[in-house]
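Chemist: Model the structure of this input:
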Amino acid sequence: MRIFDNSIIRDMKTTLLAISLVLSTAMCFGQSYFKTDKDISVGAKQYDEYAPLLEGKTVAVIGNHTSMVDTVHLVDFLLDKGVNVVKVFAPEHGFRGKADAGEKVEDGKDKTGLPIVSLYGAHKKPIIDDLSGIEVMIFDIQDVGARFYTYISTMTYAMEACAENYIEFIVLDRPNPNGFYIDGPMLDQEFKSFVGMLPIPVVHGMTVGELAQAINQEGWMETEDKVNLKVITCEGYEHKDVYVLPVKPSPNLPNQNAILLYPSLCFFEGTVISVGRGTDTPFEVFGHPNMTKGSHVFVPKPNEGSKHPKHEGVPCIGWDLTDFGGKNVQKKQKLILDYMVNAYREFLDKDNFFPRKWIYK
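Modeler: Sure, this is the predicted structure:
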């Protein structure tokens, strides 16, 4: 389904109308929990479509561990095809997706010998030196459809840099696992940050390719120039489809249930409540040591996805959503804020429920 097209996007009203059409389409179809019977082929697999754009060009890739063409990483796939890949750029969590949320990601070298430039930390936008000699930039990262998931912020900055330096930008599109609904407020620009850069709802309903088209046409980049953009679409995907990711998109989203709950539970990151980082069920549980109600107890401990989890080593009392949480999101097709509202009501120290006012972001 093509939502944004250069010939029809003219202003914000058109964008919001297009978003509404996605939502109404999604609402009209029933869904099977956590499975799809359709054969969906991601943009990266449509090589014949984008190969002519790479021929004779020096190419850079913004990717991570989700940048797969079946069982082969995109960089290896392109090199095997004879594409002149000269550099890779890494988002939050690093090129191989191992770093904690918020952890500094260092520059380095890939196992292919290609230099890796980190686009996380103080260096979020490619600079002129990073782009020297590059003619085409490819973006291929699996998103999960929430405004505060930082891969789309990385894409925005990269598009800006390519627009400013006359570099072609190709998005190899992938389905949005939360693309079957749209919900939440638009971003208050006063609180614009890397965890919320774009004037879109919390759950935006778009694939990264559709979002890139909106960014380019609506003037959401901090440059007057538009980037030379090409989106390689998925085959067989519609927004009503339930798409189960073949690779976990980040260390603390290990399965489909967590991915569906993420937009709703991520609001807890702006509170004192733990969402299970440092357990085997991150974003499938929530709780706090001082909760008096709740049928589940978990103890956050350092692990691959969280070296220093909130309430480390302290039993947290709360709720377990592993059996029904994601199914509830699919059924209601909206953000479920009851979890946070009820936790706030039951938390005795309300003055300290929202530390540092991070919730505004």
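
Chemist: number of nearby residues for Glu224?
Modeler: 8 (other C-beta atoms under 10 Å). Backbone N, C-alpha and C define where each C-beta goes, glycine included.

Chemist: where does it land in three-state SS?
Modeler: Put simply, Glu224 is coil when judged by DSSP: H, G, I helix; E, B strand; the rest coil.

Chemist: isn't Asp173 right next to Ile40, touching?
Modeler: No: counting by C-beta atoms under 8 Å, Asp173 does not reach Ile40; the two are 10.9 Å apart.

Chemist: which residues are common contacts for these two?
Modeler: Cys234 (C-beta atoms under 8 Å, 6 or more residues apart in numbering).

Chemist: the more surrounded of the two?
Modeler: Asp173 (24 against 16).

Chemist: List the contacts of the residue nearest to the more buried one when sequence neighbours are not counted.
Modeler: Spatially, and ignoring its direct neighbours in sequence, Asp173 is nearest to Gly209 (3.4 Å; C-beta to C-beta, 6 or more residues apart in numbering). Residues counted as contacts of Gly209 (C-beta under 8 Å, 6+ apart) are 43, 171, 173, 231-233.

Chemist: same question, Asn252
Modeler: 101, 258, 277, 282-283, 305-306.

Chemist: The nearest residue to Glu222 once chain neighbours are set aside: what secondary structure?
Modeler: Leaving out its chain neighbours, the residue that sits closest to Glu222 by C-beta to C-beta, 6+ apart is Glu160, at 6.1 Å. What three-state DSSP gives for Glu160 is helix.

Chemist: So that it lines up with my notes, have the first residue be 56 from now on.
Modeler: From this message on, residue numbering opens at 56, which makes the last subject Glu215.

Chemist: Quick check: the gap between Glu215 and Thr278.
Modeler: Per C-beta to C-beta, to the nearest Å, Glu215 is found 5 Å from Thr278.

Chemist: which of those two has more neighbours?
Modeler: Neighbour tally, Glu215 and Thr278, criterion other C-beta under 10 Å: the higher count belongs to Glu215, 19 against 13.

Chemist: In the stretch 156-305 of the chain, what residue spans correspond to strands?
Modeler: For the stretch 156-305 of the chain, applying DSSP state E, counting those that start in this stretch gives strands covering 163-164, 170-173, 191-195, 223-227, 238-241, 256-258, 284-287.

Chemist: got a list of contacts for stretch 243-256?
Modeler: 67, 74, 179, 202-203, 205, 207-208, 211, 237-242, 259, 261, 266, 269-270, 275, 415-416.

Chemist: change it to 6 Å
Modeler: 202-203, 205, 208, 211, 237, 239, 241-242, 275, 415-416 (C-beta atoms under 6 Å, 6 or more residues apart in numbering).
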